[in-house]
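Undergrad: here are the coordinates; sequence isn't available:
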């Protein structure tokens, strides 16, 4: 096995330099298949960055508390006629449509999660997302891309970041469903990176099995690293793509391609075109979402747990929350900006600009003395992950655009309660009822005005209310009916 022997020798040298030679403790006890797998796994890790990471995040506990005065972030309100910040929606939409039509926009979906919290065995993207049709979340987003491609006469490529855990299952699922009408050559899948889980006391990488290093996903911020490492950025450059529309897989109402947002990102006078964000007004001070703020002149996201209670509850004279700009993980990101983040000289982060966040967790591991598997009762490990919104502070300038919660934010995160399949169906129905009402369709409602039916409008039918003009619609929706349009 000359190739394996050469790789093993290289891995040994790299491990020794990183102070992590213990990772091969059980190598001699493994069969040939397990030996190759272990060496391949270790070789794929950025071992050269580990000493700096251990020093910065394991031996120390860096604080992510905002370094400076926290102020509410300015944003473009959803009402363009707002007296606080008037803007020209039509002009921005025309600009965005011009950019889309020129083939300068790609769709990017972060889809590394499993459906475990939903009681579903498989990638979350396979979970039913349609309120009536029950079509999977992948299809909900694919149909938006297809509709936008047809509307603007352009091919919009779709980049999907999976995880090592669900990559193969996702690939098989999409292929089996013919990529839901997209061309296979315009869909690129790649797994996100992984970080070793470190022993809390020693900083050594833990072993999950004698032949497996314990790892964890590197966070949604790792998506910006994976875009470069996977070759996705190079593919975008080849296609002439300049802007990336970033959404997460769990939100079937996400406007995957939104010309208004794209126009603001690229043409607003206070935008650098590097990274822009969408927000919804917080439902109440205690809502567990990060908020957009300004710290040291830079736009950033302050986690709800880091925002002082008095700030979270502060209100304007009209009773609106001062810090009301809730982050919904929808962004437009410049291709050049992603390239720049991946070219930063950062010894602690291995040449990637984003810092990591540290979490102390319980991680099962193999005892290096006797090979026993240990199930810790207390946190014994440090896991590191990057957050995509941390890139905002690295922009020259960054804008925030308000959207309507009903129009495009119905995530499926929990089996029950808030952000569940039930609330997603309700929001889809409310939005569809709103749109149908604009076209003169009678929708049954209860005394509070809530629709008493289940409705779903595919983006293939309408991407916005105006698209329903000319579509054959029922005059009346029956009470209790389930209607997909």
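TA: Yes, it's here. A quick note: this is a predicted structure, and the numbers were derived from the prediction, not measured.
Undergrad: residues of the worst-scoring helix or strand of the chain on mean pLDDT that come out buried?
TA: None of the helices or strands of the chain scores lower by mean pLDDT, DSSP states H and E than helix 309-312, at a mean of 88. Residues of helix 309-312 classed as buried: 311, 312 (neighbour count, 16 or more other C-beta atoms under 10 Å). Every residue, glycine included, has its C-beta placed from N, CA and C.
Undergrad: how close does residue 396 get to residue 140?
TA: For residue 396, the distance to residue 140 equals 34 Å [C-beta to C-beta, to the nearest Å].
Undergrad: okay, these two: which has more neighbours?
TA: Set side by side, residue 396 and residue 140 show more neighbours around residue 140, with 25 against 10, by other C-beta atoms under 10 Å.
Undergrad: Surely that one and residue 129 touch.
TA: Yes. Judged on C-beta atoms under 8 Å, residue 140 makes contact with residue 129 at a distance of 4.5 Å.
Undergrad: Give the intersection of the neighbour lists for the two.
TA: residue 252 (C-beta atoms under 8 Å, 6 or more residues apart in numbering).
Undergrad: Who are the packing partners of the helix or strand that the least confident helix or strand of the chain is followed by?
TA: Next helix or strand after helix 309-312 toward the C-terminus (DSSP states H and E): strand 325-334. Using 3 or more C-beta pairs under 8 Å, 6 or more residues apart in numbering; DSSP states H and E as the contact test, the elements touching strand 325-334 are strand 243-248, helix 259-267, strand 275-281, strand 291-295.
Undergrad: Now find how far off-centre the last one is within its chain.
TA: Right, strand 291-295. 19 Å (C-alpha atoms, centre = their mean, to the nearest Å).
Undergrad: so what strands line up beside the very next helix or strand once past that strand?
TA: Scanning forward in sequence from strand 291-295 by DSSP H and E, the next helix or strand is strand 298-302. Here strand 298-302 has these sheet partners by DSSP bridges: strand 291-295 (antiparallel).
Undergrad: Check which helix or strand residue 339 maps to.
TA: Assigned by DSSP H and E, residue 339 falls in helix 335-341.
Undergrad: Quick one: mean pLDDT over that helix.
TA: For helix 335-341, mean pLDDT rounds to 96.
Undergrad: buried residues in it?
TA: Buried residues in helix 335-341, defined by neighbour count with 16+ other C-beta under 10 Å: 335, 337, 338, 339, 341.
Undergrad: From residue 224, how far off is the fourth one?
TA: The gap separating residue 339 from residue 224 is 10 Å, by C-beta to C-beta.
Undergrad: hang on, residue 11 packs against residue 45?
TA: No. Between residue 11 and residue 45 there is no contact under C-beta under 8 Å: 9.5 Å.
Undergrad: The closest residue to residue 34 other than its chain neighbours: how many residues sit nearby?
TA: Leaving aside its chain neighbours, residue 34 sits nearest to residue 211 (4.1 Å; criterion: C-beta to C-beta, 6 or more residues apart in numbering). Residue 211 has 22 neighbours, counted by other C-beta under 10 Å.
Undergrad: show me where pLDDT drops low in the stretch 101-250 of the chain?
TA: By pLDDT under 70, the stretch 101-250 of the chain has no low-scoring segment.
Undergrad: can you map out the helices along it?
TA: Remark: helices assigned in the stretch 101-250 of the chain by DSSP state H, counting those that start in this stretch are 137-152, 167-176, 222-229, 232-239.
Undergrad: Distance to residue 247 added to those helices, as a markdown table?
TA: Converted to a markdown table, the helices of the stretch 101-250 of the chain look like this (distance: least, C-beta to C-beta, whole Å):
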| stretch | distance to residue 247 |
| --- | --- |
| helix 137-152 | 7 |
| helix 167-176 | 16 |
| helix 222-229 | 11 |
| helix 232-239 | 15 |
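Undergrad: Quick one: closest of those helices to residue 41.
TA: helix 167-176 (14.6 Å; C-beta to C-beta).
Undergrad: by how many degrees do the closest one and helix 137-152 diverge?
TA: On the basis of axes from the mean of the first three to the mean of the last three C-alpha atoms, to 10 degrees, helix 167-176 is oriented at 50 degrees to helix 137-152.
Undergrad: Residues contacting helix 167-176, please?
TA: With contacts defined as C-beta under 8 Å, 6+ apart, helix 167-176 is touched by 111, 122-123, 125-126, 138, 160, 162, 180, 184, 187, 189-191.
Undergrad: burial measure for the nearest residue to residue 391 once chain neighbours are set aside, as a count.
TA: Nearest residue to residue 391, sequence neighbours excluded (C-beta to C-beta, 6+ apart): residue 275, at 5.6 Å. By the criterion of other C-beta under 10 Å, residue 275 has 28 neighbours.
Undergrad: measure residue 275 to residue 261 for me?
TA: Using C-beta to C-beta, one gets 12 Å for the distance from residue 275 to residue 261.
Undergrad: Identify the contacts common to the two.
TA: Joint contacts of residue 275 and residue 261 (C-beta under 8 Å, 6+ apart) are residue 332.
Undergrad: Minimum distance to residue 438: which of the helices and strands packed on strand 325-334 has it?
TA: Relative to residue 438, the nearest member of the helices and strands packed on strand 325-334 by C-beta to C-beta is helix 259-267, separated by 17.8 Å.
Undergrad: other SSEs contacting that closest one?
TA: Using 3+ C-beta pairs under 8 Å, 6+ apart: helix 259-267 touches helix 89-101, strand 243-248, strand 275-281, strand 325-334, strand 400-402.
Undergrad: and if we set it to 7 Å?
TA: helix 89-101, strand 243-248, strand 275-281, strand 325-334 (3 or more C-beta pairs under 7 Å, 6 or more residues apart in numbering; DSSP states H and E).
Undergrad: partner strands of the shortest one, parallel or antiparallel?
TA: Spelled out, that is strand 243-248. Here, using DSSP bridges, strand 243-248 pairs with strand 105-110 (parallel), strand 325-334 (antiparallel).
Undergrad: Identify all contacting residues around the shortest one.
TA: Looking back up the chat, that one is strand 105-110. Residues from elsewhere that reach strand 105-110 (C-beta atoms under 7 Å, 6 or more residues apart in numbering): 99, 141, 145, 156-161, 220, 223, 236, 241, 243-249, 256-257, 262.
Undergrad: Would you mind listing the buried residues in the helix or strand where residue 53 lies?
TA: Counting by DSSP H and E, the element that carries residue 53 is helix 50-53. Buried residues in helix 50-53, counted by 16+ other C-beta under 10 Å: 50, 51, 53.
Undergrad: tell me, how many neighbours does the residue nearest to the first one when sequence neighbours are not counted end up with?
TA: So that's residue 50. Sequence neighbours aside, residue 18 is the residue nearest to residue 50 in space, at 4.5 Å (criterion: C-beta to C-beta, 6+ apart). Each residue near residue 18 was counted by other C-beta under 10 Å, and the total is 20.
Undergrad: these two touch, right, residue 324 and residue 281?
TA: Yes. At 4.9 Å, residue 324 counts as touching residue 281 under the criterion of C-beta atoms under 7 Å.
Undergrad: List the contacts of the helix or strand containing residue 71.
TA: Following DSSP H and E, one finds residue 71 within strand 70-72. Contacts with strand 70-72, where a contact means C-beta under 7 Å, 6+ apart, come from 293, 294, 295, 302, 311, 322, 323, 325.
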